[in-house]
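Asker: Quick one: sequence and predicted model below, then my questions.
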Amino acid sequence: MKFGSLCTLNVGGRRFSFSAELMKRLPLSRLSRLHRCVSESELLELCDDYDRDRNEFFFDRHSEAFSFIMLYVQHGKLRFVPHMCELSFYNEMLYWGLESADLQPCCQRRLDDRLSDCFVHFFPEEEPRCPEEPQSPWMERMRRTFEEPASSRVAQILAFVSVLFVVISMVMLCASTLPEWMTAETTDQHRIIEAVCIGWFTAECIVRFPRVSG
């Protein structure tokens, strides 16, 4: 595509005008690549919109950051925008085709510190884990049956039975405090039911925690 002698960059609503020849020589790879586009579809891969009549390129980017980048183009010194996150400004630099080496040394150190902090935050060192012992398919199937009620019809029945035993155990515990319950016959019945409930809970714990039982 052929562009007019004067090009306008609309960055975040702020306009910057350059001659076509100057845009070719700018140390911003995104702008220099615009002149190598042979179709409008290729052009729109590098900018957000293009007005052919006004020869205006639209970029939905941070206008103040671009102003600082243009100061670098004019004076050769690139510094961070005050009150702007270093990582956000670095992202703008990468968009336009600059690297961290283009920053002033003091700003490079700030950027390195921020990148290091983010790396530690998002990728913390993991403690070495002991290799897990292989678990038999039968035990794994039993564990899923007890811990995942939605995995099968049997698992749903076992979940219902488990809740039922909990309710029975609570009822028996409350009933044992009543005076009329303290007879020889009811005490024996209470012990039998209590033993059954404890046996169920013990078996359930063994299946749920096979390593502990081993």
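Answerer: Done, it's in.
Asker: residue boundaries of the helices in this structure?
Answerer: Counting by DSSP state H, the chain has these helices, from start to end: 20-25, 29-34, 40-43, 63-75, 86-96, 105-122, 137-147, 153-175, 184-208, 210-213.
Asker: mean confidence for the last one?
Answerer: So that's helix 210-213. Here helix 210-213 scores 47 as its mean pLDDT.
Asker: Same check on stretch 11-29?
Answerer: If you average the pLDDT values across stretch 11-29, you get 82.
Asker: One more: stretch 51-63?
Answerer: Taken as a whole, stretch 51-63 has a mean pLDDT of 90.
Asker: Repeat that for stretch 95-111.
Answerer: The model assigns stretch 95-111 a mean pLDDT of 88.
Asker: Could you tell me the end-to-end distance of it?
Answerer: 16 Å (CA to CA, to the nearest Å).
Asker: Could I get the buried residue list for it?
Answerer: For stretch 95-111, burial by neighbour count (16 or more other CB atoms under 10 Å) applies to Y95, W96, G97, L98, D102, L103, C107, R110, L111. Quick note: C-beta positions are derived from backbone N, CA and C, even for glycine.
Asker: contacting residues for the closest residue to the first one other than its chain neighbours?
Answerer: Take Y95 and drop its neighbours on the chain: the residue closest to it by CB to CB, 6 or more residues apart in numbering is R61, 6.4 Å away. R61 makes contact with V11, G12, E92, Y95, according to CB atoms under 8 Å, 6 or more residues apart in numbering.
Asker: Would you check which pair of those lies furthest apart?
Answerer: Pairwise distances across the contacts of R61 peak at 12.0 Å for G12 and Y95 (criterion: CB to CB).
Asker: just how off-centre is stretch 95-115 within its chain?
Answerer: Relative to the chain's own centre, stretch 95-115 is displaced by 25 Å; criterion: CA atoms, centre = their mean, to the nearest Å.
Asker: List the contacts of that stretch.
Answerer: 27-32, 61, 66, 69, 72, 77-80, 86-87, 90, 93.
Asker: again, only using 10 Å
Answerer: Outside of stretch 95-115, the residues within contact range by CB atoms under 10 Å, 6 or more residues apart in numbering are 11, 26-33, 59, 61-62, 65-66, 69-70, 72-73, 76-80, 85-87, 89-90, 92-94.
Asker: Now the buried members of those.
Answerer: 11, 26, 28, 30-31, 59, 61-62, 65-66, 69-70, 72-73, 78, 80, 86, 89-90, 92-93.
Asker: which residues do G12 and Y95 both contact?
Answerer: Shared contacts of G12 and Y95 (CB under 10 Å, 6+ apart): F59, R61, H62, A65, F66.
Asker: Show me which of those is closest to H190.
Answerer: For the shared contacts of G12 and Y95, the nearest to H190 is H62 (75.1 Å; CB to CB).
Asker: would you list the contacts of R61 in CSV and tack on distance to A155?
Answerer: Shown next, in CSV, are these (distance: CB to CB, whole Å):
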residue, distance to A155
V11, 60
G12, 57
E92, 54
Y95, 53
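Asker: from the shared contacts of G12 and Y95, which two are the most distant?
Answerer: F59 and A65 (11.0 Å).
Asker: For these two, list the residues in contact with both.
Answerer: V11, G12, Y95, W96.
Asker: Need the residues that contact stretch 34-42.
Answerer: Stretch 34-42 is contacted from outside by 1-3, 7, 9, 20-21, 23-24, 28, 33, 43-47, 50, 52, 57, using CB under 10 Å, 6+ apart.
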